[in-house]
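A.B. asks: requesting a structural model of the entry that follows:
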Amino acid sequence: MTVLIDPPAWPAHGTLFSHLVSDASLAELHAFATSIGVSRRAFDLDHYDVAAERYDVAVAAGAVPVDGRELARRLGASGLRVPGRARRAAKADALLARWDALLPGARDVGVDLVERWHEPHRVYHGPEHLVHALDSLALLEGRQPGVPDDVVAPWSAGGGATSGSEAGDDPDHVPRSGVATQLALWFHDAVHDGEAGRDEERSAELARTRLADHLGTSVVDEVARLVLVTTDHSPAPGDGPGALVSDADLAILGSAPDRYARYARQVRAEYAHVPDDAFRTGRAAVLRGLLAGDALFRTPQGTTLWEAPARKNLHDELTTLDTPT
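C.D. replies: I've put the predicted structure just below:
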């Protein structure tokens, strides 16, 4: 790993700031920032803002000084870069605004989830993925992506949440279509320790625990079930909500080639501890498994939007893995 820093040139708060980045690992970037006394509050999803008076300290500790253009190039090549628009949407305050609109009165749950999605070891499975999945779900459900869905749930009317048992027994406390699918995406990678299958099980259990005081039992059960659908993305025939959640989670596969390439770099960066040969073998097996199925997407909208470009993206990445430079 190399930690890079550009010259102090960005004015704010009465001083100038540098950007401090890593070309390989966010976890090691966080460790470096801590070692030179830079607060985690200075982290902005792919870089730290470092005040001018800390520049010499960072260089003395091992940060390599480069100009802004070189820093941007190295950050982009690493797969860790988050573009400005995506970075703004993935910030904690923006995500909390979306959460508050979805489930009023459950701010503590939202804060916990946002903190989880911003854990330092995440690269692809971080807040940008959450935003992309939520926006993809909005497309599938006919809502406007990027706009908080103003859901004023009947169980919060009158200033207090109805208890789980009461809400589950009262048909008036069933949220309208789309709430369970959105909540499932909020929780689907809430636990991400790199253990396939177990992560989804733990995320589903977290949904049960954190939502029990805010939603009826039947709704909580449905959210947990939908989280588990993302284990293998194989919803049963006729499972409309499961198909929506699965397609939204996989939508990145059908993104534009440049966005897909960044996704692939992010996945590699998230597994930076895995040697190249082992990563190529494992990743190629995953891609072949995806391509072997009859369809990646299970909704008509998802098939129309993403099936063809996803298969091309997967084939192109697989070719790259099979012929490494």
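A.B. asks: Val21: what secondary structure?
C.D. replies: strand (DSSP: H, G, I helix; E, B strand; the rest coil).
A.B. asks: right, and it touches Arg74 too?
C.D. replies: Yes: with contacts defined as Cβ atoms under 8 Å, Val21 counts as touching Arg74 at a distance of 7.3 Å. Where you see a C-beta, it was placed from the backbone N, CA and C, and this is true even at glycine.
A.B. asks: who's more crowded, the two?
C.D. replies: Using other Cβ atoms under 10 Å as the criterion, Val21 and Arg74 rank with Val21 on top: 24 against 19.
A.B. asks: next one: the closest residue to Gly68 other than its chain neighbours from Val220, what distance?
C.D. replies: Using Cβ to Cβ, 6 or more residues apart in numbering and skipping the chain neighbours, the partner closest in space to Gly68 is Asp6 (4.5 Å). Distance, Asp6 to Val220, using Cβ to Cβ, to the nearest Å: 47 Å.
A.B. asks: what mean pLDDT does the helix or strand containing Pro309 have?
C.D. replies: Using DSSP states H and E, Pro309 maps to helix 308-322. Helix 308-322 comes out with an average pLDDT of 95.
A.B. asks: which other residues reach that helix?
C.D. replies: 250, 253-257, 260, 264, 280, 283-284, 287-288, 290-291, 296-297 (Cβ atoms under 8 Å, 6 or more residues apart in numbering).
A.B. asks: so where's the stretch 151-300 of the chain uncertain?
C.D. replies: Filtered on pLDDT under 70, the stretch 151-300 of the chain yields the residue ranges 151-177.
A.B. asks: quick one on the thing from earlier: the contacts of helix 308-322 in strands, which ones?
C.D. replies: Among those, no residue falls in strands (DSSP state E).
A.B. asks: which among the residues you listed count as buried?
C.D. replies: Applying 16 or more other Cβ atoms under 10 Å to the contacts of helix 308-322, the neighbour count classes Leu250, Leu253, Gly254, Ser255, Tyr260, Ala264, Arg280, Arg283, Leu287, Leu290, Leu296, Phe297 as buried.
A.B. asks: just send those back as a markdown table, with distance to Leu318 too.
C.D. replies: Below are those laid out as a markdown table (distance: Cβ to Cβ, whole Å):
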| residue | distance to Leu318 |
| --- | --- |
| Leu250 | 16 |
| Leu253 | 12 |
| Gly254 | 16 |
| Ser255 | 17 |
| Tyr260 | 12 |
| Ala264 | 11 |
| Arg280 | 10 |
| Arg283 | 9 |
| Leu287 | 5 |
| Leu290 | 10 |
| Leu296 | 14 |
| Phe297 | 19 |
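A.B. asks: and the two most separated of these?
C.D. replies: Farthest pair in those (Cβ to Cβ) is Arg280 and Phe297. Separation: 26.0 Å.
A.B. asks: return the residues in contact with the spatially most central residue of the chain.
C.D. replies: Here the mean C-alpha position of the chain is nearest to the C-alpha of His129 (Cα atoms, centre = their mean), at a distance of 2.8 Å. Residues near His129 by Cβ under 8 Å, 6+ apart: Asp189, Ile252.
A.B. asks: now do it, the pLDDT please.
C.D. replies: Confidence score, pLDDT, at His129: 95.
A.B. asks: and the host helix or strand of it, how far out from the chain middle?
C.D. replies: Counting by DSSP H and E, the element that carries His129 is helix 127-140. Chain-centre distance of helix 127-140: 9 Å, with Cα atoms, centre = their mean, to the nearest Å.
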